[in-house]
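In: Please find the sequence and the predicted model below.
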There are 2 protein chains.
Amino acid sequence: MSDVRAYGAQSKASGVAPMPIQRRALRADDVAIEIDYCGICHTDIHFVENDWGMTEYPVVPGHEIVGTVTAIGKAVTQFSPGDRVGIGCMVDSCRQCSACDDGLEQYCEQGSTFTYNGEDRQDGSRTYGGYSESIVVSERFVLRVPDALNPAASAPLLCAGITVYSPLRHFGVTTGSRVGVVGMGGLGHMGVKFARAMGAEVTLFTRSSEKVAEAKRQGAHQIIISTDQADMEAQLGQLDFILNTVPVQHDLNPYLSCLKRDGTMILVGVLEPLDPPVAGGALIFGRKRLAGSLIGGIPETQEMLDFCAEHRIVCDIEMLDIKHINQAYERMKKSDVKYRFVIDMATLRV
Amino acid sequence: MSDVRAYGAQSKASGVAPMPIQRRALRADDVAIEIDYCGICHTDIHFVENDWGMTEYPVVPGHEIVGTVTAIGKAVTQFSPGDRVGIGCMVDSCRQCSACDDGLEQYCEQGSTFTYNGEDRQDGSRTYGGYSESIVVSERFVLRVPDALNPAASAPLLCAGITVYSPLRHFGVTTGSRVGVVGMGGLGHMGVKFARAMGAEVTLFTRSSEKVAEAKRQGAHQIIISTDQADMEAQLGQLDFILNTVPVQHDLNPYLSCLKRDGTMILVGVLEPLDPPVAGGALIFGRKRLAGSLIGGIPETQEMLDFCAEHRIVCDIEMLDIKHINQAYERMKKSDVKYRFVIDMATLRV
């Protein structure tokens, strides 16, 4: 075990502050990683503030991690010291169920081990995330970050990126697909980039006319102001897929109307009851599908990183000194970031 | 034009009573059919009672029609006098859109012409349904009823049957699929029969323990009493598909929990807002899909009839004298029929 500097929350009221944690000694299949960058996900705020009632303090958030391998266990075959690597939302799973067999560890039937606020499957210790100087993770859950990618701007790919890449691929977006993206935050702007790179014709839905130029810059072919009735009516029955990244309750019915027959809307943000409720008829007339998707598995996360290298895709980020983490949270609550904060972890070591 | 005896409603308050209607003279592509049997669908009651605010009186219900060809237009190639034929929910569509091109006329982008309470696309006349002694329909919308099938018990296949057959096929039910069927009325009992014949392992969900023996008789391998907490918990994550035939609002979340990862629940009954609302998380955790499906297209309706002949499947019916139509409606409102009333149209001619 070794002491590591980290930033975390000791209680709901404490805010995120410096604290020491311990990282385990290397197991045979472990990779030790010095963390260079860590993206900030909205989930981090939910855990720090215990919004879901499942936080066990102290908690060290951060599951969009890019770093450099410093040491490897004796059974590690895929990584060497000096390699640039990434860690996403998971650091382990049962490795035996059908989901794990399929490389979809996020759906592990026994529950995957999350990168923070989780419990190690071997010794029961708590897992601590990426707002820290280092991390130790089993090889199977370590991703290779291609050299072609800016490492800081790649960090959010490990959660925001894969969360939208996975369903776009799984549900069949391809050349010529007409894809709508609802919302343009951390997930939405990545959805636009990925859908565009997959050859789709991309329509961004936003409530704010201020985002039009910005959405075009991200690659959207068309921007629909969702509060504009005429704009919305012109989209009736036009889309093959809608990637809905909005993380709060909202009316899905107007968007379902924009799907073609056999179209699919994919939810990646909203976990709450869909209120106002979806109308059964909105699915029955047109044989439409409403689906959900959760992050992505390890093999497809690697696939995504390689896709990003090939298509020169990274996240738009704002770099952050870790001392400003609490201010960053406040800005995120107001959606005041384009589009993801990434902590420069060198600021932790100063 | 020729006068035809029929039963229909002159107003919301009138009930279903004898009335004369006119059938058009044969067009070149028309088939004239003497109606032998007509099933009663719940939709008939909704139209007679104007529940959806779209009834134009007088209305002659009935879209589960089996009869015998009596005459054909000069361009008809597929049917001859004496043939046993069926008519379902549609008698025309635009025939030009992508849905029509795909043989999915129920999703016609210009709206299909329904068998009753519709408007003929050529002369604007009203369409009148199957509670009548004859009907005239364009060849494209006429189905061939195989000799192997009991004609009376085949009538409900044209709506109840295809409504469940189509999504089971479309969404990929096959040998070894684990299929849940929610509700065991006209649609549900056909869902059990079809899923079983497709090689699936069939689980019926019902609120009533009285239906257990009956559900087994229909072919269900397993019956779950949906109000029994332990029964429901034992089904968590077990099913590939759920065919939900319940036509009224109910909580879908407990059923979504019974789906495996990547499972699909298909709604064919409930058009209303899904209240209580579906939880976004119920779809996101497990990458599940909630889909809808509307009746079925003409080619797949023929496929279904042929499938029924091959597998000796018909609907369980109770034969009805048309004079008792209003009592039948009252019994249907109490779900007091196993499982479909079929009017013996000979009773109209007495």
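Out: Yes, it's here. Numbers count the residues shown, from 1 in each chain, chains lettered A, B, ... in the order given.
In: how near is A:Met304 to chain B?
Out: According to CB to the nearest CB, to the nearest Å, A:Met304 and chain B sit 16 Å apart. Placement of C-beta: from N, CA and C, glycine included.
In: Which residue, other than its chain neighbours, is closest to that residue?
Out: Nearest residue to A:Met304 in three dimensions, chain neighbours excluded: A:Tyr165, at 4.3 Å (CB to CB, 6 or more residues apart in numbering or on different chains).
In: what does the one helix or strand the one you found maps to contact?
Out: Under the criterion of DSSP states H and E, A:Tyr165 resides in helix A:160-170. With CB atoms under 8 Å, 6 or more residues apart in numbering or on different chains as the test, helix A:160-170 has contacts from A:39, A:41, A:64, A:88, A:179, A:186-188, A:190-191, A:194-195, A:198, A:241, A:243, A:245, A:266, A:268, A:291, A:293-297, A:300-301, A:303-304, A:307-308, A:315, A:339-340, B:287.
In: What of stretch A:4-24?
Out: The set of residues external to stretch A:4-24 that reach it, using CB under 8 Å, 6+ apart, is A:1-3, A:30, A:32, A:48-50, A:55, A:57-61, A:120, A:123, A:125, A:128, A:131-136, A:322, A:325-326, A:329, A:348-349.
In: List the buried residues in it.
Out: A:4-9, A:16, A:19, A:21, A:23-24 (16 or more other CB atoms under 10 Å in any protein chain shown).
In: same deal with stretch A:70-77?
Out: Within stretch A:70-77, judged by 16+ other CB under 10 Å, the buried ones are A:72-73, A:76.
In: Can you give me the end-to-end span of it?
Out: End-to-end distance for stretch A:70-77: 14 Å, by CA to CA, to the nearest Å.
In: mind giving me the domain split of chain A?
Out: Domains of chain A are assigned by automatic domain parsing as A:2-159+A:315-349, A:162-292.
In: Would you mind finding the most buried of those?
Out: For those, the largest average neighbour count (mean count of other CB atoms under 10 Å in any protein chain shown) is found in domain A:162-292, namely a mean of 21.
In: measure that domain end to end?
Out: Start-to-end, domain A:162-292 (CA to CA) is 14 Å.
In: now the angle between helix A:160-170 and the helix ranked longest in chain A, please.
Out: As assigned by DSSP state H, the longest helix anywhere in chain A is helix A:298-311. Going by axes from the mean of the first three to the mean of the last three CA atoms, to 10 degrees, helix A:298-311 is angled at 100 degrees with respect to helix A:160-170.
In: Pull the distance from the helix or strand following helix A:298-311 to the chain's centre.
Out: Of the helices and strands lying after helix A:298-311 in sequence (DSSP H and E), the nearest is strand A:317-320. With CA atoms, centre = their mean, to the nearest Å as the basis, strand A:317-320 stands 16 Å off its chain's centre.
In: Output strand A:317-320 as CSV - backbone C-alpha positions only.
Out: C-alpha atoms of strand A:317-320 as CSV (Å, rounded to 0.1, in the frame of the first residue of the first chain):
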residue,chain,number,x,y,z
ILE,A,317,-12.3,21.0,-22.9
GLU,A,318,-11.4,23.7,-20.4
MET,A,319,-8.3,23.0,-18.3
LEU,A,320,-8.6,23.3,-14.6
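In: on contacts alone, who are the packing partners of the helix or strand following that strand?
Out: Following strand A:317-320 in sequence order, the next helix or strand is helix A:325-333 (DSSP H and E). Under the contact definition 3 or more CB pairs under 8 Å, 6 or more residues apart in numbering or on different chains; DSSP states H and E, helix A:325-333 sits against helix A:42-48, strand A:340-344.
In: Can you pull the phi/psi pair for the closest residue to chain B within the stretch 1-150 of chain A?
Out: Proximity of the stretch 1-150 of chain A to chain B (CB to the nearest CB) peaks at A:Tyr107, 4.8 Å away. The phi/psi pair for A:Tyr107 (degrees, to the nearest 10) reads phi -110, psi 20.
In: what's near enough to touch it?
Out: Here A:Tyr107 is in contact with A:99, A:294, A:297, B:261, B:285-287 (CB under 8 Å, 6+ apart).
In: Pick the one among those residues closest to B:Arg140.
Out: B:Arg287 (39.0 Å; CB to CB).
In: Let me know the pLDDT of the closest one.
Out: If you check B:Arg287, the pLDDT there is 98.
In: for A:Met1, same thing?
Out: 65.
In: same check, this time on A:Lys211
Out: Note on A:Lys211: pLDDT of 87.
In: which residues touch the residue nearest to it when sequence neighbours are not counted?
Out: With CB to CB, 6+ apart as the criterion, A:Lys211 has its nearest non-adjacent residue at 5.7 Å, and that residue is A:Met184. A:Met184 is in contact with A:192, A:204, A:206, A:211, A:214-215, A:218, A:245, A:339, counting by CB under 8 Å, 6+ apart.
In: Can you tell me what sits against stretch A:317-326?
Out: Outside stretch A:317-326, the residues touching it (CB under 8 Å, 6+ apart) are A:7, A:15-16, A:39-40, A:131, A:152-153, A:155-156, A:328, A:337-345, A:347-348.
In: List, one by one, the residues from the stretch 101-250 of chain A near chain B.
Out: Taking CB under 8 Å from any CB of the partner chain as the contact definition, the stretch 101-250 of chain A meets chain B at A:104, A:107, A:109, A:167, A:170, A:237.
In: Tell me who's in contact with A:Gly130.
Out: A:35, A:38, A:60-65, A:87, A:115-116, A:345.
In: Now go through the contacts of stretch A:4-24 and say which are in helices.
Out: A:48, A:325-326, A:329, A:348-349.
In: Would you mind putting those into a markdown table with distance to B:Pro276 alongside?
Out: Listed next are these as a markdown table, based on distance: CB to CB, whole Å:
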| residue | distance to B:Pro276 |
| --- | --- |
| A:Val48 | 31 |
| A:Ile325 | 38 |
| A:Asn326 | 38 |
| A:Tyr329 | 33 |
| A:Leu348 | 46 |
| A:Arg349 | 51 |
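In: Closest one of those residues to A:Glu272?
Out: When the ones in helices among the contacts of stretch A:4-24 are ranked by distance to A:Glu272 (CB to CB), A:Val48 comes first, at 19.6 Å.
In: Would you check that that closest one makes contact with A:Tyr57?
Out: No - using CB atoms under 8 Å, A:Val48 is not in contact with A:Tyr57, being 9.2 Å away.
In: Helices of the stretch 151-300 of chain A, residue ranges please.
Out: Applying DSSP state H, counting those that start in this stretch to the stretch 151-300 of chain A gives helices spanning A:151-154, A:160-170, A:186-197, A:212-218, A:229-233, A:253-256, A:280-284, A:298-311.
In: wait, which of those is closest to B:Gln229?
Out: helix A:280-284 (25.5 Å).
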